[in-house]
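J.: I would like the atomic coordinates for the input below:
(2 chains)
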Amino acid sequence: MPFLELSQVSYFYPQQSKSALTEIDINFDNEGITAIIGPNGSGKTTLTKLLVGILQPTAGEIRLKGRRLQEYSLAEIGRRIGYIFQNPDQQLFCTTVNEEIGFGLIHQGGEPEAVREKVDFYLEYFELTAYRNVFPLHLSKGEKQRLALAAILANEPEFLILDEPTVGLDAYRKKLLAEYLRKLARLNRGMIIVSHDLNFVMKVADRIIGLEKGQICWDSLQEGNTGHEA
Amino acid sequence: MVIVLCLSTLALIYNTPGRLLLLLAGTVILLLILRLKLGEFLGYIRKFLPLFIFLLLVQSIFTRGGEVLLTMGTVPLITTKGLELGISVVLRMMVVIASAVLLTTSNSRDIVLGMVHWKFPYEIAFMFSVSLRFLPTFREELSNVITAVQLRGVELKKVPWGRKIALYRCLFFPVAYGAIEKAQQLSIAMETRGFRAYPQRTYLRKLQFGSKDYVLSLLFPVATLMLILLQI
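T.: Residues are numbered from 1 along each chain as shown, chains lettered A, B, ... in the order given. Here you go, the predicted structure:
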């Protein structure tokens, strides 16, 4: 059974006559890295927002592990799918970097010692240790992006959706991120990446989907990347 | 704006449910005359419903006086005076909300021009219009934070009250920070474009006060003053 199934999904933004997405039929398995590419306004972010239940389809149906997505609460979806917003400012809300990474774990009843260990690991991995007591919104764009990633990954969701994860990252950190995503894919963690960064996509993706004017124009597999190694 | 000020003043001065109900009815009729969608007003009322119920209960329980309507053992819980006060508070808020809906008939630029016409300093008028313009943005930001918190696996409805307070802090910080940051960026952008560089400024568009405007601007304050005098 596919992890996420979309059948005949369409979406219209309120008070707009043109559809943002039209009759999308696609499945995503919980393995490998799928990249969604396309020009601005092609519906990439709308599609990801539908997949995590932030938006509800105007027509069609989305299923998560065989169950209709509407039957899950946002929190239930969040425990299964980690979602990185296009703008990290929208998902940082704690008073320190430390707290931000541990937030989900603490609220899901994690043991304090285990939470501390995991927070330390992600602080170190994303080179944020020096900022552990800093107010997250005071960080630079790239640091915020790394923090958003760390905060979502710390929750260990089964599946990841990353909307423009490389924006604001320098070449070295893009390389680190690519390595980490490959590592996650090898651990059978599926993910979707929305990106304009074709170099990054070509390096990490097993499957590339092209969106244009709200419709899928192509869907192809790439040889030699993560999923095939897994 | 004059009408909104008059209606809000009357809502604050009136303190009996009967008069407040009449004022609310008058405000709703005014909304209908001005062809405003009543649905928008009802939408706001629906959003504030939990607050109304909370206020009604608090006022009813903590105000003593009049006939006892409900007791818990020997302790009077709800009295006629308390209930009256609770209903008055809720009706007062409804009038303020209904009159605020009137502001949506003008865009923020017209409000600034109107205020300048009434000899308000331009800076004050501009600040007022900016605060109106940013309200939808803040609402969107708040909604984004609520979504982000839930997507981290937190069932907001199931969080116990003690921890809810800590969560509300999470909702407050990014929105407040965003507001300050936006204000700073806006002030820099405005200054680079010559805001207050010269004492005189020109307006591309001028509001023309018609006879109807003069009549209404005079009629409402006079009527309000008379109603206040009658109340005393």
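
J.: Quick one: neighbours of residue 1, just the number.
T.: Reading this off chain A. Residue A:1 has 9 neighbouring residues, counting by other CB atoms under 10 Å in any protein chain shown. Just so you know, the C-beta spots here come from the backbone N, C-alpha and C atoms, and that holds for glycine as well.

J.: you looked at the wrong chain, it should be chain B
T.: Counted with other CB under 10 Å, residues neighbouring residue B:1 total 15.

J.: now the one 4 residues further on
T.: Residue B:5 is surrounded by 13 other residues when neighbours are defined as other CB under 10 Å.

J.: Tell me which other helices or strands the lengthiest helix in chain B touches.
T.: As assigned by DSSP state H, the longest helix anywhere in chain B is helix B:161-192. Counting by 3 or more CB pairs under 8 Å, 6 or more residues apart in numbering or on different chains; DSSP states H and E, the packing neighbours recorded for helix B:161-192 are helix B:122-151.

J.: when you compare where the helix it packs on runs with where helix B:161-192 runs, what's the angle?
T.: In terms of direction (axes from the mean of the first three to the mean of the last three CA atoms, to 10 degrees), helix B:122-151 departs from helix B:161-192 by 140 degrees.

J.: Show me which residues of helix B:122-151 are buried.
T.: B:125-126, B:128-129, B:132, B:134, B:141, B:144-151 (16 or more other CB atoms under 10 Å in any protein chain shown).

J.: What is the lowest-pLDDT residue among those?
T.: Minimum pLDDT for the buried residues of helix B:122-151 is recorded at residue B:132 (75).

J.: What sits closest to it if chain neighbours are left out?
T.: residue B:108 (5.1 Å; CB to CB, 6 or more residues apart in numbering or on different chains).

J.: At the contact with chain B, which residues of chain A appear?
T.: By the rule CB under 8 Å from any CB of the partner chain, the part of chain A lying against chain B is A:52, A:54, A:73-79, A:83, A:85, A:89-95, A:103-104, A:107-108, A:135, A:137, A:151-152, A:155.

J.: Next step: those residues restricted to strands.
T.: Those of those mapping onto strands are residue A:83, per DSSP state E.

J.: Please pick the buried ones from the residues of chain A next to chain B.
T.: A:52, A:54, A:73-79, A:83, A:85, A:89-94, A:103-104, A:107-108, A:137, A:151-152, A:155.

J.: Can you find the helix or strand of chain A with the lowest average pLDDT?
T.: Ranked by mean pLDDT, DSSP states H and E, the helix or strand of chain A with the weakest confidence is helix A:226-229, at a mean of 42.

J.: How far does stretch A:126-146 stretch from one end to the other?
T.: Between the opening and closing residues of stretch A:126-146 we find a distance of 6 Å, counting by CA to CA, to the nearest Å.

J.: contacts for it?
T.: Under the contact criterion CB atoms under 8 Å, 6 or more residues apart in numbering or on different chains, stretch A:126-146 has outside partners A:88-89, A:92, A:94-98, A:100, A:120, A:122-123, A:147, A:149-150, A:165, A:167-170, A:173, A:176, B:173-174, B:177, B:181.

J.: Filter the residues you listed down to the buried ones, PyMOL style.
T.: Typed into PyMOL, the next command selects the buried ones out of those (criterion: 16+ other CB under 10 Å):
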select buried, (chain A and resi 88+89+92+94+97+98+100+122+123+147+149+150+165+169+173+176) or (chain B and resi 173+174+177)
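
J.: Could you tell me how far residue B:131 is located from residue B:175?
T.: 14 Å (CB to CB, to the nearest Å).

J.: just residue A:162 next, same as before
T.: 25 Å.

J.: Where does pLDDT dip in the chain?
T.: Picked chain A for this. A:224-230 (pLDDT under 70).

J.: Wait, chain B was what I had in mind.
T.: For chain B, the stretches flagged by pLDDT under 70 are B:232.

J.: tell me the helices in it, going along the chain?
T.: In chain B, the segments counted as helices under DSSP H are B:2-13, B:17-33, B:38-62, B:80-102, B:108-117, B:122-151, B:161-192, B:211-231.

J.: Can you convert these into CSV and add a column each for distance to residue A:43?
T.: Shown next, in CSV, are those (distance: least, CB to CB, whole Å):
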stretch, distance to residue A:43
helix B:2-13, 41
helix B:17-33, 38
helix B:38-62, 29
helix B:80-102, 35
helix B:108-117, 32
helix B:122-151, 19
helix B:161-192, 27
helix B:211-231, 46
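
J.: between those helices, which one is nearest to residue A:195?
T.: helix B:122-151 (20.0 Å; CB to CB).

J.: any idea how far that closest one is from the chain center?
T.: In terms of CA atoms, centre = their mean, to the nearest Å, the centre of helix B:122-151 is found 14 Å from the chain centre.

J.: same thing with stretch B:35-44?
T.: How far stretch B:35-44 lies from its chain's middle: 14 Å, per CA atoms, centre = their mean.

J.: contacting residues around residue 85?
T.: Answering for chain A, as no chain was given. A:91, A:148, A:163, B:144, B:148.

J.: nope, chain B please
T.: B:59-60, B:63.

J.: same thing with residue A:207?
T.: When contacts are counted by CB under 8 Å, 6+ apart, residue A:207 touches A:32-35, A:219-222, A:227.

J.: 7 Å instead, please
T.: The neighbours of residue A:207, taking CB atoms under 7 Å, 6 or more residues apart in numbering or on different chains as the test, are A:32, A:34, A:221-222.

J.: Mind checking which of residue A:162 and residue B:175 has more residues around it?
T.: Set residue A:162 next to residue B:175 and count neighbours by other CB under 10 Å: residue A:162 wins out with 25 against 17.

J.: I'd guess the more buried one is in a strand, am I close?
T.: Yes - remark: residue A:162 belongs to a strand, assigned using DSSP: H, G, I helix; E, B strand; the rest coil.
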